[in-house]
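> structure for the following, please:
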Amino acid sequence: MLVKTVPSRYLEEVNLIDTPGSGDDAHRDKKLNDLLSKCDFIFFVLSPTHALGNAARRILHRKFDDIPAVEMRFIV
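Prediction:
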């Protein structure tokens, strides 16, 4: 996961977390699942040339089942 700080007074209360693709590493997927419940908003970026994999589907199911109040937008 990449965490980067940008000095801006407009972003003082904003944290953006870029995670690598899901399904590559079970430990990383666990961290991602832990982060989902702490998010206020999720951007889910999808490739237009690749089908949605099983790991990504598991993440989406967890989001809709366990944390439905967190808003989500898809970027293709």
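> just give the nearest non-adjacent residue to Glu71, would you?
Distances taken as C-beta to C-beta, 6 or more residues apart in numbering place Phe41 nearest to Glu71, at 5.0 Å, with adjacent residues excluded. For glycine as for every other residue, the C-beta is placed from the backbone atoms N, C-alpha and C.
> and for the one you found, the neighbour number?
Neighbours of Phe41 under the rule other C-beta atoms under 10 Å: 10.
> now the residue lying farthest from the centre of the chain: how far from Phe64?
Relative to the centre of the chain, the most outlying C-alpha is that of Arg9, 24.2 Å out, by C-alpha atoms, centre = their mean. Applying C-beta to C-beta, to the nearest Å, the value for Arg9 to Phe64 is 35 Å.
> next one: Tyr10
Between Tyr10 and Phe64 the distance is 31 Å, computed by C-beta to C-beta.
> which one's more surrounded, those two?
The neighbour count for Tyr10 versus Phe64, taken as other C-beta under 10 Å, is higher for Phe64 (11 against 7).
> count of residues packed around Asp40?
Counted with other C-beta under 10 Å, Asp40 comes out at 10.
> can you pull the contacts of it?
Val70, Glu71 (C-beta atoms under 8 Å, 6 or more residues apart in numbering).
> helix or strand next in line after the helix or strand of the chain with the lowest mean pLDDT, which one?
Here the helix or strand of the chain ranked lowest by mean pLDDT, DSSP states H and E is strand 2-3, holding a mean of 67. Next along the chain after strand 2-3, taking DSSP states H and E as the criterion, comes strand 17-18.
> can you give me the mean pLDDT across that next one?
Strand 17-18 carries an average pLDDT of 76.
> distance from the chain centre to the helix or strand following it, please.
Next in sequence after strand 17-18, counting helices and strands by DSSP H and E, comes helix 26-36. Distance of helix 26-36 from the chain centroid (C-alpha atoms, centre = their mean, to the nearest Å) equals 9 Å.
> what angle do whichever helix or strand comes after helix 26-36 and helix 26-36 make?
Past helix 26-36, further along toward the C-terminus, the next helix or strand under DSSP H and E is strand 41-45. Counting by axes from the mean of the first three to the mean of the last three C-alpha atoms, to 10 degrees, strand 41-45 lies at 140 degrees to helix 26-36.
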